[in-house]
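Trainee: One predicted model, sequence on top.
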Amino acid sequence: MTRPVRPGAPGVDPPLAYRDEKFIDSDAARPLRILAEYLHPLQAFERQRVHDTIVFFGSARLSPDGPLGRYYAEARELARRLTVWSGGLEPTAHRFLVCTGGGGGIMEASNRGAAEAGGRSVGLNIGLPHEQRPNRFVTPELLFEFHYFFMRKLWFAHLARAIVIFPGGFGTLDEMFEILTLSQTRKLASNLVILLYGSSYWKEIVNFEALARHGMILEADLGLFRLADSPDEAFEALLEGMRPDIEAPAPPLPAFAKSTTSRHANAASHRRAPAAGDEGSS
């Protein structure tokens, strides 16, 4: 038997794929969602003429009146000073904007300091079950909401000329070691300044010297970062470390992130191909 043809509803057109919310939220469309978290900030940074950033990492749980409240006040002051300084550069450059994860604690303090200096700042927020809601001091046009941690991390690293890492927990440690690994393996396009703020905290939490002593990192890797204990000390260290970027012309506006693979391709092609039976030849 032939099944009867059921006519469709008159005047109803199917939605375009990119306007079909059920499809966009599906597993099949995950690559599109990932790509959107790359392209949307890229377009916004170009439109807002943001060339580069100074990123502040640190705990969302840290409050101004808590036991480590001094770090909130000092992050706020350092961000304020950096924003005043960057505002005195060539006025159309829009360089060295304060950038944070957009939430509370150290992130709020840093965005707040930038706002109090009359400047703009970036917030790369991410939806989490607890404690991660956008703070009110981020410039609205530069506030982004991420679902994927790895896309958020890309934008932290892509525009950064310096990273200031205040005391924090798992999230801050994750961000710190990610940046240190990228710097150690030369996967970053620029000579990034990495500043650990609060030497007593960091020396207690991470024994970097032991990593070098046990041969897990090179002694030279201890030079990938600096320590600072006051806004004055941090400010001077950042300006000293960023001097090549400060003296150079403003970089192009954000574009697709360049791969570092091609830089090493020629060197790799000259390496001896492993002979059969060599360890690791598989």
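Mentor: That came through fine.
Trainee: just checking, Leu42 touches Leu154?
Mentor: No: using C-beta atoms under 8 Å, Leu42 is not in contact with Leu154, being 10.2 Å away. For glycine as for every other residue, the C-beta is placed from the backbone atoms N, C-alpha and C.
Trainee: If we ignore the residues flanking it in sequence, what's nearest Leu159?
Mentor: Nearest residue to Leu159, sequence neighbours excluded (C-beta to C-beta, 6 or more residues apart in numbering): Thr53, at 4.5 Å.
Trainee: ok, now how distant is the one you found from Leu42?
Mentor: Distance from Thr53 to Leu42, counting by C-beta to C-beta, to the nearest Å: 14 Å.
Trainee: When those two are compared, which one has more neighbours?
Mentor: A direct count of neighbours by other C-beta atoms under 10 Å for Thr53 and Leu42 places Thr53 higher, at 26 against 17.
Trainee: Please enumerate the helices of this structure.
Mentor: Assigned by DSSP state H, the chain shows helices spanning 21-24, 30-47, 69-87, 106-116, 149-159, 170-184, 199-205, 208-213, 231-241, 243-247, 261-269.
Trainee: Now render the ones you listed as TSV, adding mean pLDDT and distance to Val138.
Mentor: What follows is these, written out as TSV (pLDDT from 0 to 100; distance: least, C-beta to C-beta, whole Å):
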stretch	mean pLDDT	distance to Val138
helix 21-24	92	26
helix 30-47	95	12
helix 69-87	97	12
helix 106-116	98	5
helix 149-159	95	14
helix 170-184	96	18
helix 199-205	97	26
helix 208-213	97	32
helix 231-241	97	21
helix 243-247	89	23
helix 261-269	53	34
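Trainee: Does Arg61 touch Gly103 like I think?
Mentor: No: in this structure, Arg61 is not within contact of Gly103 by C-beta under 8 Å, at 9.8 Å.
Trainee: Could you give the number of residues near Ala73?
Mentor: Neighbour tally, Ala73, other C-beta under 10 Å: 13.
Trainee: what's the closest non-adjacent residue to the residue most central in space within the chain?
Mentor: The residue lying closest to the centre of the chain (C-alpha atoms, centre = their mean) is Phe156, at 1.3 Å. Leaving aside its sequence neighbours, Phe156 sits nearest to Val55 (C-beta to C-beta, 6+ apart; 5.4 Å).
Trainee: hang on, isn't the one you found packed against Thr100?
Mentor: Yes: in this structure Val55 lies within contact range of Thr100 using C-beta under 8 Å: 7.2 Å.
Trainee: more crowded one of the two?
Mentor: More crowded of Val55 and Thr100, by other C-beta under 10 Å: Thr100, with 33 against 26.
Trainee: List the beta-bridge partners for that one.
Mentor: Here Thr100 sits in beta bridges with Gly123, going by DSSP bridges.
Trainee: what sits against it?
Mentor: Applying C-beta atoms under 8 Å, 6 or more residues apart in numbering, we find Thr100 in contact with 55-57, 106-108, 110-111, 121-124, 138.
Trainee: Apply 6 Å and report the result again.
Mentor: Residues near Thr100 by C-beta atoms under 6 Å, 6 or more residues apart in numbering: Phe56, Met107, Ser110, Asn111, Gly123.
Trainee: The fourth one against Arg136, yeah?
Mentor: To tie it back to what came earlier, the one meant is Asn111. No: using C-beta atoms under 6 Å, Asn111 is not in contact with Arg136; the gap is 8.5 Å.
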